[in-house]
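*Asks:* Got a predicted structure plus its sequence, pasted below:
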Amino acid sequence: MMRPSFTMIVSIAFVAYIANSIWTLYNVFFPKSCQLTSINCINPYLATRPKLELRIYASGKEKFTSGKNLKLLWKVENFVPSNPQIRDFNVTMPLKTRKNGTYFIHALLHPNDEVDIFNSHYMVKSKSRLTTYAYPKSEAFNLMGKAEKKGNASHPDKVVTHWRPKVTLNIMVDDISFDRYAIPGEIYKYLRISPEGLYLPFLKFDDISYRIKDLLPVNESSKEMPLTLTYEPISIGKLRMWSSIEESFVMMKKLGFSDKDCDEVKGIFADTNFNLLVLTFTVAAFHLLFDFLAFKNDISYWKNRNTMVGLSTRMVMFRCVSTIIIFFYLLDEETSLLVLIPTGLGAIIEIWKVKKAFKFHIMWSGLRPTFQIGESSKQELETAQFDTEAMKYLLYLIYPLCIGGAVYSLVYVPHKSWYSWCIQSLVNGVYAFGFLFMLPQLFVNYKLKSVAHLPWRAFMYKAFNTFIDDIFAFIITMPTAHRLACFRDDIVFLIYLYQRWLYPVDKRRVNEYGQAFDEVDDSNVDQDKKDK
């Protein structure tokens, strides 16, 4: 009986996870409505078609019991919850807020015939912060210019008040009844019951829709700040999902994630429509699966490999150095952890590959280490000769272009520091000419007329992820150079596929373990003849 492989087990678990996630999302967006014949049903107040009024206030106070400290921004009589609206304001900033203080926005929804709206049993309210504390952006400057650096340090240690120029308000408008004993946990905190036993409208500010990049710094000269207020009706499914995501952000911050890390995840939801959002989740799940399988097969391949026949050592070394440079570049650019963590893990694996490729060993004599590099076989020397031949003329092209690009960047492009310029120049060379360092491997394949020495299983997983990265390049925040590099890898992958088709399988060629099976068989036949 054939035992299932580890890859098969992981794939089955992945499919089960996807199926469970789809079922869970379906139940979130299409919850079971309470049967109207049941005495336990709670029906919506909006179903009675009441005449409503919406009021938007600004205040320096987070809580209120009257209109004493509230400044009215917008009043909508005969408010219809199903009609989206948008309004622009110029909000006058109090002196306390301008001196690194806070400012809040309050929304009140009530029947338009109410006299004392603040004590009404039919009034629902919601609040959100118009200001948030964030670190000022680092100012870039020309390193060769005479002007002094302006603004804050590259890593300022003091947060200042920033203004949210865009605010979105939502009301759940789905006509759905809930069983009082089966109310979804995500919306229970918004639940308020009228004297007649109807649940009042779910009123909520959308705290996912704003991004850190949209924030405006506030100082003592900021007497007025712009504000765009958008009202949009929302479905029960989206309200539940948004509430769950906000709770997830709270947990992420407790686990040590910064506001910027949460903001990168938030951007997936804020800058993407729902259909593309579903596609993003599906693609991200497959990306995670292929990443895992690629790492697993890549490590397994290199762990069992004892020869570099057919492989370019220069390409292995370049991938190691370039991955380390890219990691420090992404770290300097404060890129999302979604991109930074996989790059860091990849750098560690590439360092281990270099150790295997050069047969590097550390021998310990007490506390004193001794370094040893293994000898190369005849076949490995032949591969190294092809490798050297391929790189000979490429270097004449790469060095002038890289040096010229670095000088141009130093003179004309502003940078945050000399370190930032060094990393930027190195990574520009990696991104712009990185594909040239992949050409030696293509040349080695051409000279050997074989691709049997390549780790094709791990390579195919990485190739699938390359095309997935093309999608993420437009969704996740990353530097433009890193985004273009995703499309560069597609070209190299297509060339490898062409070579795979051009050089069919031949057992006489050396495989990934430095073996030629026909030669092994012939040697066994000769040995049998000698034994006879």
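*Replies:* Cool, got the structure.

*Asks:* Show me the beta-bridge partners of the closest residue to Ala134 other than its chain neighbours.
*Replies:* Distances taken as Cβ to Cβ, 6 or more residues apart in numbering place His162 nearest to Ala134, at 4.7 Å, with adjacent residues excluded. For glycine as for every other residue, the C-beta is placed from the backbone atoms N, C-alpha and C. Note on His162: beta-bridge partners by DSSP bridges are Thr132, Pro217.

*Asks:* Burial check on His162, number of neighbours?
*Replies:* When counting by other Cβ atoms under 10 Å, one arrives at 19 neighbours for His162.

*Asks:* Phe295 now?
*Replies:* 17.

*Asks:* List the residues that contact it.
*Replies:* Phe295 sits next to 345, 349 when contact means Cβ atoms under 8 Å, 6 or more residues apart in numbering.

*Asks:* ok, now Lys127?
*Replies:* So Lys127 contacts 62, 104-107, 205 (Cβ under 8 Å, 6+ apart).

*Asks:* end-to-end on stretch 227-240?
*Replies:* Separation of the first and last residues of stretch 227-240 by Cα to Cα, to the nearest Å is 27 Å.

*Asks:* In it, which residues are buried?
*Replies:* 227, 229, 231-232, 234-240 (16 or more other Cβ atoms under 10 Å).

*Asks:* picking that back up, got a markdown table for the contacts of Lys127, with distance to Thr92, neighbour count and secondary structure too?
*Replies:* Shown next, in a markdown table, are those (distance: Cβ to Cβ, whole Å; neighbours: other Cβ atoms under 10 Å; DSSP: H, G, I helix; E, B strand; the rest coil):
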| residue | distance to Thr92 | neighbour count | secondary structure |
| --- | --- | --- | --- |
| Glu62 | 19 | 11 | coil |
| Phe104 | 15 | 19 | strand |
| Ile105 | 14 | 22 | strand |
| His106 | 16 | 21 | strand |
| Ala107 | 19 | 24 | strand |
| Phe205 | 21 | 18 | strand |
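
*Asks:* quick check, nearest of these to Leu216?
*Replies:* Nearest to Leu216, judged by Cβ to Cβ, of the contacts of Lys127 is Ile105 at 15.3 Å.

*Asks:* pLDDT at the nearest residue to the closest one once chain neighbours are set aside, what is it?
*Replies:* Leaving aside its sequence neighbours, Ile105 sits nearest to Leu130 (Cβ to Cβ, 6+ apart; 5.1 Å). Looking at Leu130, its pLDDT is 91.

*Asks:* Asp271 now?
*Replies:* 57.

*Asks:* Kindly report the same for Tyr17.
*Replies:* At Tyr17, pLDDT is 82.

*Asks:* now swap in Ala47 and tell me
*Replies:* At Ala47, pLDDT is 90.

*Asks:* part of a strand, is it?
*Replies:* No - under DSSP: H, G, I helix; E, B strand; the rest coil, Ala47 falls outside any strand and is assigned helix.

*Asks:* Would you mind listing the buried residues in the helix or strand hosting Thr24?
*Replies:* Element membership for Thr24, per DSSP states H and E: helix 6-29. Using 16+ other Cβ under 10 Å as the test for burial, helix 6-29 gives 14, 28.

*Asks:* tell me what it is packed against?
*Replies:* The helices and strands touching helix 6-29, judged by 3 or more Cβ pairs under 8 Å, 6 or more residues apart in numbering; DSSP states H and E, are helix 236-254, helix 274-304.

*Asks:* by contact count, what packs against whatever helix or strand comes next after the longest one?
*Replies:* Spelled out, it's helix 274-304. Once the chain leaves helix 274-304, the next helix or strand it forms, by DSSP H and E, is helix 313-332. Identification of packing neighbours for helix 313-332 by 3+ Cβ pairs under 8 Å, 6+ apart yields helix 337-357, helix 378-412, helix 418-448, helix 480-502.

*Asks:* switch the cut-off to 6 Å
*Replies:* helix 337-357, helix 418-448 (3 or more Cβ pairs under 6 Å, 6 or more residues apart in numbering; DSSP states H and E).

*Asks:* right, and Ile105 touches Lys125 too?
*Replies:* No - the pair Ile105 / Lys125 is not scored as a contact, 11.1 Å apart, by Cβ atoms under 6 Å.

*Asks:* all helices for the stretch 101-250 of the chain, in order.
*Replies:* Under the criterion DSSP state H, counting those that start in this stretch, the stretch 101-250 of the chain contains helices at 185-188, 236-254.

*Asks:* Without its sequence neighbours, what residue ends up closest to Asn112?
*Replies:* Nearest one to Asn112, counting by Cβ to Cβ, 6+ apart, is Glu53 at 3.9 Å.

*Asks:* what's the helix or strand encompassing that neighbour packed up against?
*Replies:* Element membership for Glu53, per DSSP H and E: strand 52-59. Here strand 52-59 touches strand 71-79, strand 104-111, going by 3+ Cβ pairs under 6 Å, 6+ apart.

*Asks:* Neighbouring strands - and their directions - for the shortest one?
*Replies:* Spelled out, that is strand 104-111. strand 52-59 (antiparallel), strand 124-129 (antiparallel).

*Asks:* before we move on, what about the first one?
*Replies:* Strand 71-79 has its sheet partners listed here by DSSP bridges as strand 52-59 (antiparallel).

*Asks:* correct me, but Lys266 touches Ile208?
*Replies:* Yes - in terms of Cβ under 6 Å, Lys266 counts as a neighbour of Ile208; the distance is 5.5 Å.

*Asks:* For stretch 244-255, buried residues please.
*Replies:* Buried residues in stretch 244-255, defined by neighbour count with 16+ other Cβ under 10 Å: 245, 249.

*Asks:* Next: stretch 177-195.
*Replies:* Within stretch 177-195, the residues scored as buried using 16+ other Cβ under 10 Å are 177-178, 180, 184, 186-187, 190, 192.

*Asks:* Kindly report the same for stretch 195-206.
*Replies:* Buried residues in stretch 195-206 (16+ other Cβ under 10 Å): 198-206.

*Asks:* what about it, start to end distance?
*Replies:* 28 Å.

*Asks:* Show residues contacting that stretch.
*Replies:* 42-43, 45-46, 109, 121, 124, 126, 128, 168-172, 190-194 (Cβ atoms under 6 Å, 6 or more residues apart in numbering).

*Asks:* Mark which of the residues you listed are buried, thanks.
*Replies:* Here, 16+ other Cβ under 10 Å leaves 42-43, 45-46, 109, 124, 126, 128, 168-172, 190, 192 buried among the contacts of stretch 195-206.

*Asks:* quick revisit: quick one: the residue nearest to Asn112 and Val339, what's the gap?
*Replies:* Distance of Glu53 to Val339, computed by Cβ to Cβ, to the nearest Å: 47 Å.

*Asks:* neighbour-wise, which of these two wins?
*Replies:* Val339 (21 against 18).

*Asks:* Ser66 against Ile117, yeah?
*Replies:* No - taking contacts as Cβ under 6 Å, Ser66 lies outside contact range of Ile117: 10.0 Å.

*Asks:* These two - which one has more neighbours?
*Replies:* Taking neighbours as other Cβ under 10 Å, Ser66 and Ile117 compare with Ile117 leading, 18 against 10.

*Asks:* so what's that one up against?
*Replies:* Contacts of Ile117 (Cβ under 6 Å, 6+ apart): 110, 123.
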